[in-house]
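1. Sequence unavailable; structure follows:
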């Protein structure tokens, strides 16, 4: 079983797979893949501008980091 990526919680805070797909103008299966691999940095920056409230608070702290920083945290 694959460990859940912190961005999966962010996708939920943004309204779920279908909502994030609409916001990013991609198909839902792409967003489903991001639950395992993480949201691409360019999409993450766009989402931060579109829905800043999803990035506020302690639960959002890890998900708000770029993918490279999340990988470093996970390997430390």
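-> The structure has been received and is ready for your questions. Not measured: the values here are computed from a predicted model.
2. make it CA atoms for all contacts and neighbour counts henceforth
-> Will do.
3. and residue 20, how many neighbours does it have?
-> Here the count is done by other CA atoms under 10 Å, and residue 20 has 23 residues near it.
4. Residue 42 now?
-> Using other CA under 10 Å, residue 42 is surrounded by 10 other residues.
5. secondary structure class for it?
-> helix (DSSP: H, G, I helix; E, B strand; the rest coil).
6. now do residue 39
-> Residue 39 ends up coil, using three-state DSSP.
7. Do a quick rundown of the helices in this protein.
-> 6-13, 17-24, 28-37, 41-50, 67-74 (DSSP state H).
8. so can I have a markdown table of these showing distance to residue 56?
-> Converted to a markdown table, the helices of the chain look like this (distance: least, CA to CA, whole Å):
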| stretch | distance to residue 56 |
| --- | --- |
| helix 6-13 | 10 |
| helix 17-24 | 17 |
| helix 28-37 | 19 |
| helix 41-50 | 10 |
| helix 67-74 | 17 |
